[in-house]
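Q: Provided below are the primary sequence and the corresponding predicted coordinates.
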Amino acid sequence: MANLLDQMIEQISREKHIEPAIIVSAIEDAMVVAARKFYRTEEDLRAKFNPETGQIDVYSVRAVVEEVADALKEITLAEARKSNPLIEVGGELLIIKPTQVLGRIATRIARVLMGKHKVRYTPSVDCGDHVVVINAAKVRLTGRKLDQKVYYRHSGYPGGLKAVKARHRFDEHPDAMLRDAILGMIPRNKLHARRAKKLRVFADDKHDHAAQQPEPLTFKR
């Protein structure tokens, strides 16, 4: 089944007699302009239409160099080879820009875990679905939350207060950060633990639940 954006491109092509490739190129150029304002960055951005998912992905283009002079536009060979082992100096590495905001995606996932998206939703009954979240490392935090937000925990003993900045926690365990955000939006009642067991979060696109044949659940950006 063709996605909505594909259908719109085909319809405009038929009505205006414009080649689909020209329409896609215009949309990608517009997305780059919008992304530059959205991210407020001087990075070299590039947009690509993905016909399989029906979405337009935004990438940050980094030139591979030996020594970095501009961190927004260049990347070292050692760092680039972590993503592409075959890349060489002088090549370009496309780094996808995160588009899902941590808080927004957490609220939407929490609704699915609780079953609020179903007509038969009852607050006292566990009618939610199992959720497998991938690419947790690609979510983003708005504003300066990465540097300003601090996570606290206490051991219960004197002097046992620990503080971790959001940037450090996100770099170390993005999956745990997203999981805590989701579970924090679920009421802490007798159903909380049962709903928490239905949530699986993975930092990348690899997971061990292929046998359960999970259905993709996408959200508008």
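A: The structure has been received and is ready for your questions. Numbers count the residues shown, from 1 in each chain.

Q: quick check: buried residues in stretch 15-33?
A: Within stretch 15-33, the residues that count as buried by 16 or more other C-beta atoms under 10 Å are 23, 24, 27, 28, 31, 32. Glycine gets a C-beta too; all of them are placed from N, C-alpha and C.

Q: same deal with stretch 79-90?
A: Using 16+ other C-beta under 10 Å as the test for burial, stretch 79-90 gives 80, 87.

Q: just the terminal-to-terminal distance for it.
A: Distance between the two ends of stretch 79-90: 14 Å, counting by C-alpha to C-alpha, to the nearest Å.

Q: tell me the mean pLDDT over it?
A: Mean pLDDT, computed over stretch 79-90, is 86.

Q: what's next to that stretch, contact-wise?
A: For stretch 79-90, the external contacting residues (C-beta atoms under 8 Å, 6 or more residues apart in numbering) are 62, 63, 64, 65, 66, 77, 91, 93, 95.

Q: one more time with 7 Å, if that's ok
A: Contacts of stretch 79-90 from elsewhere in the structure, counted by C-beta atoms under 7 Å, 6 or more residues apart in numbering, are 64, 65, 66, 77, 93.

Q: among the residues you listed, which ones are in helices?
A: residue 77 (DSSP state H).

Q: just checking, what's the longest strand in the chain?
A: If you go by DSSP state E, the chain has its longest strand at strand 55-65.

Q: which other helices and strands contact that strand?
A: Under the contact definition 3 or more C-beta pairs under 7 Å, 6 or more residues apart in numbering; DSSP states H and E, strand 55-65 sits against helix 20-39, strand 45-50, strand 74-76, strand 92-96.

Q: of these, which is nearest residue 158?
A: Checking those against residue 158 by C-beta to C-beta gives helix 20-39 as the closest, at 43.9 Å.
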